[in-house]
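J.: missing the sequence, but the structure's below:
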């Protein structure tokens, strides 16, 4: 099992379809499934659980309001972006460089979940881009 301390759980109307799409478009690998109602996917040392939109408080996004997002570190944002586009991901923000040393793009998946894919391109101190380091770091 990946060593993730946090494993997001995201609801989809069709778990099998979501697993196939997320693996093809975003490069996840399926770790396990539990029937057609739950699966765990891995990418790098992280994981995400895909679960059924069961109408019991677990629903896919259904409005223009963004109430969550998942950020995933990838080795090459541009290559990843091209693969996501090829599989029909809705690109919200195209790949861009940011002053905090990341190159990122934002995509929406087949169920409307927002994903930010990020590649570190420079080691930049938070103070250099307007942030502040934590005293304990």
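T.: Yes, it's here. Bear in mind the structure is a predicted one, so any value in this text is a computation, not a measurement. Numbers count the residues shown, from 1 in each chain.
J.: For this protein, which segments count as strands?
T.: 9-12, 29-34, 38-43, 46-52, 70-73, 90-97, 102-108, 114-120 (DSSP state E).
J.: Next, the angle strand 29-34 makes with the fourth one.
T.: Between the axis of strand 46-52 and that of strand 29-34 there is an angle of 40 degrees, by axes from the mean of the first three to the mean of the last three CA atoms, to 10 degrees.
J.: follow-up on the earlier one: let's have the strands of the chain in a markdown table, adding distance to residue 19 and mean neighbour count.
T.: For the C-beta atoms, the positions are set from N, CA and C on the backbone; glycine is no exception. What follows is these, written out as a markdown table (distance: least, CB to CB, whole Å; neighbours: other CB atoms under 10 Å):
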| stretch | distance to residue 19 | mean neighbour count |
| --- | --- | --- |
| strand 9-12 | 9 | 19 |
| strand 29-34 | 6 | 13 |
| strand 38-43 | 5 | 20 |
| strand 46-52 | 6 | 20 |
| strand 70-73 | 15 | 15 |
| strand 90-97 | 19 | 13 |
| strand 102-108 | 17 | 20 |
| strand 114-120 | 15 | 19 |
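J.: Which of these sits closest to residue 131?
T.: strand 102-108 (12.2 Å; CB to CB).
J.: for the lengthiest helix in the chain, what is the average pLDDT?
T.: Counting by DSSP state H, the longest helix found in the chain is helix 15-26. For helix 15-26, mean pLDDT is 96.
J.: Point out where this structure drops to low pLDDT.
T.: 1-2, 55-60, 62-65, 137 (pLDDT under 70).
J.: which residue lies farthest from the center of it?
T.: No residue in the chain sits farther from the centre than residue 135, which is 29.1 Å out by CA atoms, centre = their mean.
J.: check contacts around that residue.
T.: By CB atoms under 8 Å, 6 or more residues apart in numbering, the contact list for residue 135 is empty.
J.: so what's residue 88 up against?
T.: Shown in contact with residue 88 (CB under 8 Å, 6+ apart): 25, 110.
J.: can we see that at 10 Å?
T.: Neighbouring residues of residue 88 by CB atoms under 10 Å, 6 or more residues apart in numbering: 21, 24-25, 109-110.
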